[in-house]
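>>> requesting a structural model of the entry that follows:
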Amino acid sequence: MKKITIIRHAKSSWEHRVTDFERPLKKRGLEDASLVSFCAKDKINKPDFILSSDANRARSTAAIFIKTLDFQSVDFQLDNKLYDFSGNDLIQVIKNCDDAINHLMIFGHNFAITSFVNTYGSVLYDNVPTSGLVSIDFNSNSWQDLMPGKTILKIFPKDLK
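Numbering: from 1, shown residues only. Purely as a prediction, here's the structure:
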C-alpha cells in the first residue's frame, strides 16, 4: 500500500516586489497552515519522506506543517520540479520515488494539486484551496504503477472556521 498526503501551499502575499518564486506567505496563510496542520495532528501518521517545491511559499508551508506535526525527524527534500502548475512534473516526481517509501507527503502548487487529487483520488474537488490537505491511499506496491486510489482524508481551512 502507498499513501500520499498532498498539501497546497498556504496563501501567499502579492504585496512585495519579488518574483513569483520568492513570494512569502501572508498573515492569513500563516494562520490557515497552522490551523490545518494542528487539525491533522491526530489524523495522519508520520510519512516516510517529505517533498516540497523549492518556492518560498511552499517551503514556508512545509516548515509550519513539519513543526506542528513534529515531523522534524522525517527525511525532507526540496525539488524544483514541484514548482509545477500543470501537474505533469508532479506525477513524474511521484512515479520516480523509491518504492521503500510507503507514505509520501508533498507540498506544491495549484493547478497541479487539484488535478492530481481529482485524477488519482476517489473524490472530486472544484479546487483544493491554499493550505488544503488531501490524503489518498493506493492499492499498489510501486509508485511507478500508480493507479487511482481512495481519498481517505480532506482538511480544508474553511471547514475549520
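
>>> hey, let's count contacts and neighbours off CA atoms from now on
OK.

>>> which residues are in contact with Ile152?
Residues counted as contacts of Ile152 (Cα atoms under 8 Å, 6 or more residues apart in numbering) are Val134, Ser135, Ile136, Asp137.

>>> nope, Phe85 is what I meant
His109, Asn110, Phe111, Ala112.

>>> TSV please, covering the contacts of Ile152 and showing distance to Ile91.
Converted to TSV, the contacts of Ile152 look like this (distance: Cα to Cα, whole Å):
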residue	distance to Ile91
Val134	16
Ser135	15
Ile136	14
Asp137	15
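
>>> narrow those residues to those in strands?
Val134, Ser135, Ile136, Asp137 (DSSP state E).

>>> buried subset of those as a ChimeraX selection?
In ChimeraX syntax, the buried subset of those is picked out as below (16 or more other Cα atoms under 10 Å):
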select :134,135,136,137
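
>>> which members of the contacts of Phe85 are positioned in helices?
Ala112 (DSSP state H).

>>> most neighbours among the contacts of Phe85, which one?
Using other Cα atoms under 10 Å as the neighbour criterion, His109 leads these with 27 neighbours.

>>> give me the nearest residue to it, chain neighbours excluded.
Leaving aside its sequence neighbours, His109 sits nearest to Arg8 (Cα to Cα, 6 or more residues apart in numbering; 5.5 Å).

>>> quick one: that neighbour from Gln77, how far?
Distance from Arg8 to Gln77, counting by Cα to Cα, to the nearest Å: 16 Å.

>>> who has more neighbours out of those two?
Shown here are Arg8 and Gln77; by other Cα under 10 Å, Arg8 has more neighbours (27 against 13).

>>> tell me the bridge partners for that one.
When bridges are called by DSSP bridges, Arg8 pairs up with Gly108.

>>> need the pLDDT of it.
pLDDT, Arg8: 98.

>>> I figured it hits Thr130, correct?
Yes - at 5.3 Å, Arg8 counts as touching Thr130 under the criterion of Cα atoms under 8 Å.
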